[in-house]
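**Q** Return a 3D structure for these sequence lines:
(one chain, ligands or ions: 2)
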Amino acid sequence: MQNPKKNLASLLRDHGVSSELQLLIESIVDATKEIARAVNQGALAGVLGSTQDENIQGETQKKLDVIANQIIKDALLSNEQVRALASEEEDGVIAGNNHGNYVVAFDPLDGSSNIDVNGQIGTIFTIYPARKDVASNSELQFQQQGTQQVCAGYVLYGASTLLVITTGGPTRCFTLDSISQQFLLTNSTLEIPQDTQEFSVNMANQRFWQPPFKRYVEELLEGEAGTRNKRFNMRWNASMVGDMHRVLVRGGIFMYPSDTRDAKQPAKLRLLYEANPIAMLVEHAGGKAFNEQQRILEIEPQALHQRVAVIMGSANEVDVCLKHLRH
Ligand code: AHM
Ligand code: MG
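**A** Ligands and ions are numbered 1, 2, ... in the order given. The predicted structure follows:
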């Protein structure tokens, strides 16, 4: 007989996560179950398509972006442990309970362009300790290095609904059981292989890349006869959670470099609620996560919606890429 699978609550308890943090994680995870139901019902629930609005970053908001944002916001604001929250879909910091011990940032639905095509999308979240020395609604609550995260995770709404999470130990994967509606442990230690033959980048941007990065990707494309003596394959989901889930499971390198498309915005992905949480998951699975200069988790954040270049995944391949950028 198969061993019964552990659920999230018992695993967090067994690994010494405080009951306050555990309850907070559970309230985020419960909210994602509600989002999973909306994603699942899709057009039947009338949740597909766009709203008339744009978010602070000038992106059209999809109906599901707004719904997912509201679901998580409501869950967090009713949790007394939450001192403040920040979201991709909110202009500024939203104050919670002044006595809360944690602040939470999230991208309610990453990979929004996949919503209407039944593609992979996900919720990314990160938890930091609240700063006692600054006001609840201050951006400074979130100007902490990624190394300060006490928990990072994502929920991937794909063929199965998966939760990938770390609280400082291994990066683990849980699968949502449709019968019990519990996340059950299905991989207790994700480990990213050190080497890979798979890369993930939006090739349509190559004319905007910096020459050293362009050269690195050209070498990947040269195959067995080229400098790398190796045939690489490419995958691009247009959803960081989808692409990074593949990397966490079977290795790979995922890149969203800086480019010259828009002088005011040289990078695309956001540090606080995209790059930092995924970087923590990657490092705790034995991979590497850098921007073009340094470890992502050591970047000193300057602004809430700050963007950052991202090169992450299989450690040896990240090193090869960085070596090109440093020459
Ligand atoms: P989003 O948070 O608005 O969905 O944007 C982030 C997404 C990432 O998930 C993905 O890696 C990237 O944008 C895809 O961008 P592109 O338009 O270059 O395919
Ligand atoms: Mg996003």
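**Q** need the contact list for the residue in the stretch 201-327 of the chain positioned nearest to ligand 1.
**A** Of all residues in the stretch 201-327 of the chain, the one sitting closest to ligand 1 is Met240 (3.4 Å; Cβ to the nearest ligand atom). C-beta coordinates here come from the backbone N, C-alpha and C atoms, glycine included. Neighbouring residues of Met240 by Cβ atoms under 8 Å, 6 or more residues apart in numbering: 110-111, 124, 254, 256, 269, 274, 278.
**Q** same thing but 7 Å
**A** The contact partners of Met240, by Cβ atoms under 7 Å, 6 or more residues apart in numbering, come to 110-111, 269, 274, 278.
**Q** Report the separation between it and Asp30.
**A** Using Cβ to Cβ, to the nearest Å, one gets 23 Å for the distance from Met240 to Asp30.
**Q** Out of the contacts of Met240, which are close to ligand 1?
**A** 110-111 (Cβ under 6 Å from any ligand atom).
**Q** Give the buried residues for the longest helix seen in the chain.
**A** If you go by DSSP state H, the chain has its longest helix at helix 19-41. For helix 19-41, burial by neighbour count (16 or more other Cβ atoms under 10 Å) applies to 21-22, 24-29, 31-33, 35-36, 38-39.
**Q** go on, stretch 10-21?
**A** Residues of stretch 10-21 classed as buried by neighbour count (16+ other Cβ under 10 Å): 11-12, 17, 21.
**Q** Stretch 74-81 too?
**A** For stretch 74-81, the neighbour count (16+ other Cβ under 10 Å) marks 75-76, 79, 81 as buried.
**Q** Just give me the closest of those to ligand 2.
**A** Nearest to ligand 2, judged by Cβ to the ion, of the buried residues of stretch 74-81 is Leu76 at 17.8 Å.
**Q** Packing partners of the helix or strand hosting that closest one?
**A** Using DSSP states H and E, Leu76 falls within helix 63-77. If you count contacts as 3 or more Cβ pairs under 7 Å, 6 or more residues apart in numbering; DSSP states H and E, helix 63-77 packs onto helix 19-41, strand 50-54, strand 82-87, strand 102-110.
**Q** how about these, which one is nearest ligand 2?
**A** Comparing the helices and strands packed on helix 63-77 under Cβ to the ion, the one sitting nearest is strand 102-110, at 3.6 Å.
**Q** now check the closest one, is it near ligand 2?
**A** Yes. Counting by Cβ under 5 Å from the ion, contacts between strand 102-110 and ligand 2 involve 107, 110.
**Q** outside of stretch 138-145, which residues touch it?
**A** So stretch 138-145 is in contact with 83-84, 86, 93, 103, 105, 128, 130-131, 134, 272, 297-301, 304, going by Cβ under 7 Å, 6+ apart.
**Q** Go again with 8 Å.
**A** If you take Cβ under 8 Å, 6+ apart as the criterion, stretch 138-145 is touched by 83-84, 86, 92-93, 103, 105, 128, 130-131, 134, 272, 297-304.
**Q** try stretch 35-47
**A** With Cβ under 8 Å, 6+ apart as the criterion, stretch 35-47 contacts 48, 63-64, 67-68, 71-72, 108-109, 118, 121, 123, 155, 157, 161, 176.
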